[in-house]
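Participant: sharing a model that was predicted from the sequence below.
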Amino acid sequence: MINFKNNFLNYCSDNKFEVNINQVKIIELLIKFYKKNFKKSLFKFLFSKKKNKQGFYLMGSVGVGKTMLLNFFYNNIDLKKKRLHFNEFMINFHDFVHLDKTGNSIEIFVKNLKKNCELIYLDEFQITNIVDAMILGKLFEKIFKENIKIIITSNISIKDLYKDGLQREQFLTFINMLKNECHEHELIIEEDYRKSHNNKPDRFFCPINEKSNFKINQLFRKLTRGKKLGTKKLNIKGREFLIQEYFEKIARFNFDDLCDKNVGAEDYIAIAKECNFIVIENIPNFTNDNVNKQQRFITLIDIIYEKKIPLMTSSAVDLENFSSSTSLDQPFKRTLSRLHELTSSNFSQQNKI
């Protein structure tokens, strides 16, 4: 990692990113983390008594560049490594447990990780269900024992993970473990970069009325001109999911088809693999009365964003006036920020749509 900081400054210049002093400070902290954990001298190895922390936990509000920073770091280090959205990481683990018959799933899963990874990068770390909450303590304990390093992005501080969740008192051991094993840093930037003047949400239509419907139909006809309409059948662990309006990698959905049924991250990942443009119509406003729909929608947008798939949407309210269920208020801010970017023509150009 020669001239890592200079490389970052050049990267910002090449991509016309504004250089922010707080982002540069995080880069400097990442360099220290890398050197302490992967560039030990023989002298330090023999005489240092202090145990290095094995994790780097970067938290901050939406749109401040957390993922951009850790992506840059990840892409510029020469290690055995693996990058996953946190949802995908947990799906991989649950799939492994489902197939494993030894009764020792966590140890075998982590041993396999160890063979392929010196470092794991988990993006958008959040815990929203009790199943994952109860598993993570034992899973991460084994990961740290195997000396696998972890870098993490999150909108939530370690102390507030799974806040107000069921049986959270059983989760506190995991929180203490993360605090002990991770350097926690907050990236503070006032501006949400996804809402810059270059990212105008010109494919986000509201309210839901004839005018919005006309505009969506007009743009959709342009996108699908010359493409064949079909039905795409997906098989997800024995369950069937149908994409009714599918035009050669372009899919059109009603919100309820995606978020008011018994579907989740695995389904959304499978859908994303088959699409390079998605339309979602009739997004409602959110309150405590439809919290389950909102949680699915947050997961859906996270996956679409991770896979860099442009969106076109119609919504009951505009991006500045959405309300939220009480429990999902913070993660939903990330969703709104990402919707802003995903529905902009600038995002489409970047992703060749």
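Facilitator: Happy to help now that I have it. Numbers count the residues shown, from 1 in each chain.
Participant: show me what the longest helix seen in the chain is packed up against.
Facilitator: With residue count as the measure and DSSP state H as the assignment, the chain has helix 21-38 as its longest helix. When contacts are defined as 3 or more CB pairs under 8 Å, 6 or more residues apart in numbering; DSSP states H and E, helix 21-38 sits against helix 4-14, strand 55-59, helix 66-75, strand 149-154, strand 182-186. Just so you know, the C-beta spots here come from the backbone N, C-alpha and C atoms, and that holds for glycine as well.
Participant: state the mean pLDDT of that helix.
Facilitator: For helix 21-38, the mean per-residue pLDDT is 92.
Participant: just the buried positions in that helix, please.
Facilitator: For helix 21-38, burial by neighbour count (16 or more other CB atoms under 10 Å) applies to 22-23, 26-27, 30-31, 33-34, 36-37.
Participant: once you drop chain neighbours, what's closest to Ile158?
Facilitator: Take Ile158 and drop its neighbours on the chain: the residue closest to it by CB to CB, 6 or more residues apart in numbering is Leu178, 4.9 Å away.
Participant: now Leu161
Facilitator: Once flanking residues are discounted, Leu161 sits nearest to Ile127: 5.5 Å by CB to CB, 6+ apart.
Participant: can you name the residues that contact the one you found?
Facilitator: 133, 136, 161-162, 165, 171 (CB atoms under 8 Å, 6 or more residues apart in numbering).
Participant: gap between it and Asn217?
Facilitator: Per CB to CB, to the nearest Å, Ile127 is found 40 Å from Asn217.
Participant: wait, is the residue nearest to Leu161 part of a helix?
Facilitator: No: under DSSP: H, G, I helix; E, B strand; the rest coil, Ile127 falls outside any helix and is assigned coil.
Participant: from Glu190, how far out is it?
Facilitator: 28 Å.
Participant: got it, and Thr326?
Facilitator: Separation of Thr326 from Glu190 (CB to CB): 25 Å.
Participant: try Lys228
Facilitator: When Lys228 is compared with Glu190 (using CB to CB), they lie 47 Å apart.
Participant: number of residues surrounding the closest residue to Tyr246 other than its chain neighbours?
Facilitator: Nearest non-adjacent residue to Tyr246, counting by CB to CB, 6+ apart: Lys232, 4.1 Å away. Per other CB atoms under 10 Å, the neighbour tally for Lys232 reads 17.
Participant: check contacts around the spatially most central residue of the chain.
Facilitator: The geometric centre of the chain, computed from its C-alpha atoms, lies nearest to Glu124 (CA atoms, centre = their mean), at 4.1 Å. Residues near Glu124 by CB under 8 Å, 6+ apart: 67, 85-87, 153-155, 302, 306, 334.
Participant: break this structure down into its structural domains.
Facilitator: Domain ranges of the chain: 4-186, 193-350, per automatic domain parsing.
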